[in-house]
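Colleague: The amino acid sequence is not available; the structure is as follows:
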């Protein structure tokens, strides 16, 4: 309530132009009285003159009661994130205070945390528990980066039916990819009260007669570890080294160490050169410094190597940012940043247990969800080591597949399917449309035309799905090309050869089997099957796509359009490695 009061003062005094504050009250629906309490708090907020909205959590029937706090946290942040996105609210303010920061750091310290884990609660952060929610987590708009020229002047907000589909282009040599269109936006969590103890916030409420409630369960030391820590702090039973001033000093020192490590990592990134960033296949060619390249003394630390490699792999990895712990990068860092001496840097002890791949110098290896393949290495000279980085090969029987949810009727407000994040790398959406003239872009379709096409899909029990391209798919395409040529084998199918040339150029080797393919699945007259349609990120139709028209037998021509963006990435490494 103290945060709500202060925000209302900020709004009333117009210290921030055009500021509008909305207060969200989360009804967890976990206790009978929770709804009544939510209405009470909403009433208090309304008395302050704030627009108050109650968000009711919807619990799945399979929710594990023993993991209540974990489920509640995820549902709470997702409800708050969606509410912010629906109202175009870019920042969500939370009332965490200094006491919360001390308790959190003590709890992490007791769990054996170090480094970033002891830096306390961040004042500004991306909203957690919402990865993959479009418009909530690092998405909602698009941003174009141009190689050697930096970001494009404007950031485009997604509104309705955009005609932009292509997000990469090739340079003059036909190989360099000089453009990335990536997702941007999302909700930020801001905690403006971290510098103030709880006593100061309670004093503010008392001084201005702002009502508030205290949850009695927060003071039962037998319920949660945090409650136990809170009780120990209140009783002064902890040694002086664990009192709040000492803990706050620890968080400041941890922040300083993290800042220093980031500076050293930046210096190491400046010694690397990003030769090519192919967003369509999520691959990079990077020239790393050679063994005789003089590096800053601090950059020789294996932990700095690990931090740098994680920042690089995060650019294309099929995981959220910072998914893997830093110790897991230390063991293989020496293969990328070789030491000129005979001694090999020793990894952190935890790295041995977390890294299961043992690489040999000059051989491919997997790290952080990324496959490192050497393009040129020469450990006996000062030449740079050049590596191609791409998504690691998929595990058997664990291929990411994603159904495309086409709006069911022409009355739907959105022509395209919802944006979805495939394999944590590509945002995509699709539309099934009448196609009286494929050359007409941005055409408005009549409701009866849309209805006719979608009725054909429903009648034939047809659906669309995105999955990785596989070796068997190329065999199918070769067979179709052979049938189209009459099976004589006397000539090469032009469409197939063009496709293979494109894959060789933009998705060479095993990289092609990490790109998404759009397929049509059907179950007609008791027979199930699929038709390969397109490679969306390569903006490429497949030769087999014509079979889909024959399968549907729709009275009017139809087509599929798609849009895609690369995931949101940190631009700083791109700048330091001289790509931007």
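Modeller: Ah, there it is. What you see is a predicted model; the values in this text were computed from it and never measured. Numbering: from 1, shown residues only.

Colleague: average pLDDT for stretch 34-54?
Modeller: The average of the pLDDT scores along stretch 34-54 is 95.

Colleague: Okay, now the unreliable bits of the stretch 51-200 of the chain?
Modeller: Within the stretch 51-200 of the chain, the segments meeting pLDDT under 70 span 62-66, 149-150, 152-176.

Colleague: now the strands: where do they sit in it?
Modeller: 51-56, 91-93, 124-126, 141-146, 150-151, 156-157, 179-184, 188-190 (DSSP state E, counting those that start in this stretch).

Colleague: repeat for the stretch 351-500 of the chain
Modeller: Under DSSP E, counting those that start in this stretch, the stretch 351-500 of the chain gives strands at 365-367, 370-376, 385-391, 402-404, 420-422, 426-434, 462-468.

Colleague: Turn those strands into CSV, including mean pLDDT and distance to residue 477.
Modeller: C-beta here means a position set from N, CA and C on the backbone, and glycine is covered the same way. Formatted as CSV, these follow (pLDDT from 0 to 100; distance: least, CB to CB, whole Å):
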stretch, mean pLDDT, distance to residue 477
strand 365-367, 96, 28
strand 370-376, 91, 24
strand 385-391, 95, 22
strand 402-404, 94, 21
strand 420-422, 98, 21
strand 426-434, 92, 21
strand 462-468, 94, 15
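
Colleague: Report the contact partners of the nearest residue to residue 72 once chain neighbours are set aside.
Modeller: Nearest residue to residue 72 in three dimensions, chain neighbours excluded: residue 28, at 5.9 Å (CB to CB, 6 or more residues apart in numbering). The neighbours of residue 28, taking CB atoms under 8 Å, 6 or more residues apart in numbering as the test, are 34, 57, 72, 76.

Colleague: of those, closest to residue 237?
Modeller: residue 72 (29.6 Å; CB to CB).

Colleague: That closest one reaches residue 79, doesn't it?
Modeller: No. If you go by CB atoms under 8 Å, residue 72 and residue 79 don't touch, sitting 10.4 Å apart.

Colleague: For the two, list the residues in contact with both.
Modeller: residue 57.

Colleague: In terms of helix, strand or coil, where does residue 274 fall?
Modeller: Residue 274 falls in the strand class when you classify it by DSSP: H, G, I helix; E, B strand; the rest coil.

Colleague: What is the neighbour count of residue 184?
Modeller: Residue 184 sits with 20 neighbouring residues when counted by other CB atoms under 10 Å.

Colleague: Pull the number of nearby residues for the nearest residue to it once chain neighbours are set aside.
Modeller: Spatial nearest neighbour of residue 184, excluding adjacent residues (CB to CB, 6+ apart): residue 143 at 4.0 Å. Residue 143 has 20 neighbouring residues, counting by other CB under 10 Å.

Colleague: Does residue 143 touch residue 151 like I think?
Modeller: Yes. Here residue 143 reaches residue 151: they are 6.1 Å apart, a contact under CB under 8 Å.

Colleague: distance between stretch 392-407 and the chain's centre?
Modeller: Computed by CA atoms, centre = their mean, to the nearest Å, the chain-centroid distance of stretch 392-407 equals 16 Å.

Colleague: Mind listing what's buried along that stretch?
Modeller: Going by neighbour count (16 or more other CB atoms under 10 Å), the buried part of stretch 392-407 is 392, 394, 404, 406-407.

Colleague: could those residues be laid out in a markdown table, adding distance to residue 310?
Modeller: Formatted as a markdown table, the buried residues of stretch 392-407 follow (distance: CB to CB, whole Å):
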| residue | distance to residue 310 |
| --- | --- |
| 392 | 15 |
| 394 | 21 |
| 404 | 33 |
| 406 | 38 |
| 407 | 39 |
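
Colleague: Closest to residue 330 out of these?
Modeller: For the buried residues of stretch 392-407, the nearest to residue 330 is residue 392 (18.5 Å; CB to CB).

Colleague: Is that closest one in contact with residue 372, as I believe?
Modeller: No. Using CB under 8 Å, residue 392 is not in contact with residue 372; the gap is 9.3 Å.

Colleague: Can you spell out which helices and strands pack onto the lengthiest helix in the chain?
Modeller: Longest helix of the chain, by residue count under DSSP state H: helix 244-269. Packing partners of helix 244-269 (3 or more CB pairs under 8 Å, 6 or more residues apart in numbering; DSSP states H and E): helix 98-110, helix 302-313, helix 571-576.
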